[in-house]
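**Student:** From the sequence below, what's the structure:
(one chain, ligands or ions: 1)
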Amino acid sequence: MIFHGYFRSSAAWRCRIAFNLKGIEPQTRFVHLRREGGEQKRPAYRALNPQGLVPALELDDGTVLTQSLAIIEWLDETHPEPPLLPADPARRALVRAFAEAVACDIHPLQNLRVLSYLREEIGLPQESVDAWCRRWLGDGLAACEALARRHGGDTRFTFGDAPSLADICLVPQMGSADRFGVDTSAMPRLREITAACAELPAFADAVPARQPDAEA
Ligand SMILES: N[C@@H](CCC(=O)N[C@@H](CS)C(=O)NCC(=O)O)C(=O)O
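**Tutor:** The predicted structure follows:
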């Protein structure tokens with residue numbers, strides 16, 4: 001299988017963690033989101049993913065999967081160990097809800113194309129775009145802090161003592177929070193979970209700086 005990603009993409013980062021946890025190493029292709037207007041917008045990549053977003057995963061039979069959560073759930077269903085979702089249906093729903101709070105409600109508001117639109121078409125100065133990012137990341141992660149405390153205040157990871165889809169989504173978003181200068185000092189639980197994840201090679205090896213296409 002071939003994984004199309006970009007070192008700084010938090011959606012691709014989620015998938016990298018999941019692949020590492022499963023011990024699977026797909027072939028990789030790098031889609032530079034900023035070079036010459038963005039390789040993700042070119043016809044060759046749009047033929048793969050009409051949304052023009054990374055990640056995308058080409059399976060051996062030619063099927064192309066898009067959307068990080070769908071890719072990770074496919075991976076979890078086809079390679080069940082270690083599980084990324086709990087067995088209990090209600091717990092599964094809670095883990096998915098946490099993951100979606102990040103992937104569906106926080107992340108899209110700080111996506112490259114949204115920020116480019118604010119800057120280039122609405123004409124907002126960079127400091128307003130940065131304030132936009134900090135606002136939505138800060139509010140969203142504050143809610144995640146409350147959810148994390150509610151569901152697993154004394155566990156190593158967000159939902160227990162093994163990493164789940166929730167942690168896979170949380171860690172890259174905390175990385176974005178750092179990059180955009182969000183104050184996370186009032187989010188001790190999220191910081192604690194992020195630190196616990198960083199101790200695992202599957203998470204440590206997935207960070208943007210360790211990817212072959214990484215840039216300063
Ligand atoms: N919901 C999608 C989001 C994918 C996404 O937004 N990818 C970003 C990078 S994190 C992207 O390709 N942005 C390119 C652009 O905005 O032009 C997923 O989870 O896969």
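**Student:** tell me what the helix or strand that contains Leu115 is packed against?
**Tutor:** According to DSSP states H and E, Leu115 maps onto helix 112-116. Packing partners of helix 112-116 (3 or more C-beta pairs under 8 Å, 6 or more residues apart in numbering; DSSP states H and E): helix 126-152. Every C-beta, even on glycine, is put in place using the N, C-alpha and C of the backbone.
**Student:** quick one: the helix it packs on near the ligand?
**Tutor:** No. Helix 126-152 lies out of reach of the ligand by C-beta under 6 Å from any ligand atom, never closer than 13.1 Å.
**Student:** Which neighbouring elements make contact with that helix?
**Tutor:** Checking 3+ C-beta pairs under 8 Å, 6+ apart, helix 126-152 ends up next to helix 89-100, helix 112-116, helix 165-179, helix 188-198.
**Student:** Kindly recompute the last result at 6 Å.
**Tutor:** With contacts defined as 3 or more C-beta pairs under 6 Å, 6 or more residues apart in numbering; DSSP states H and E, the packing partners of helix 126-152 are helix 188-198.
**Student:** now the helix it packs on: how far from the chain's centre is it?
**Tutor:** 15 Å (C-alpha atoms, centre = their mean, to the nearest Å).
**Student:** Might you enumerate the residues of this protein proximal to the ligand?
**Tutor:** 9-11, 33, 38, 40, 53-55, 67-69, 103, 111-113.
**Student:** three-state assignment of the residue in the chain sticking out farthest from the centre?
**Tutor:** Computed with C-alpha atoms, centre = their mean, the residue of the chain farthest from its C-alpha average is Gly123, at 27.8 Å. What DSSP: H, G, I helix; E, B strand; the rest coil gives for Gly123 is coil.
**Student:** what about Met1, neighbour count?
**Tutor:** 15 (other C-beta atoms under 10 Å).
**Student:** Could you measure from the closest residue to it other than its chain neighbours over to His79?
**Tutor:** Once flanking residues are discounted, Met1 sits nearest to Pro26: 4.6 Å by C-beta to C-beta, 6 or more residues apart in numbering. Pro26 sits 12 Å away from His79, going by C-beta to C-beta, to the nearest Å.
**Student:** One more: Phe30?
**Tutor:** According to C-beta to C-beta, Phe30 and His79 sit 24 Å apart.
**Student:** Same question for Arg150.
**Tutor:** 30 Å.
**Student:** When the two are compared, which one has more neighbours?
**Tutor:** His79 (16 against 11).
**Student:** residues near the nearest residue to the more buried one once chain neighbours are set aside, how many?
**Tutor:** Spatial nearest neighbour of His79, excluding adjacent residues (C-beta to C-beta, 6+ apart): Lys22 at 4.7 Å. Residues lying near Lys22 (other C-beta under 10 Å) number 18.
**Student:** do the same with the one 5 residues further on
**Tutor:** Burial measure for Gln27: 9 neighbouring residues, criterion other C-beta under 10 Å.
**Student:** For it, what are phi and psi?
**Tutor:** phi -60, psi 160 (degrees, to the nearest 10).
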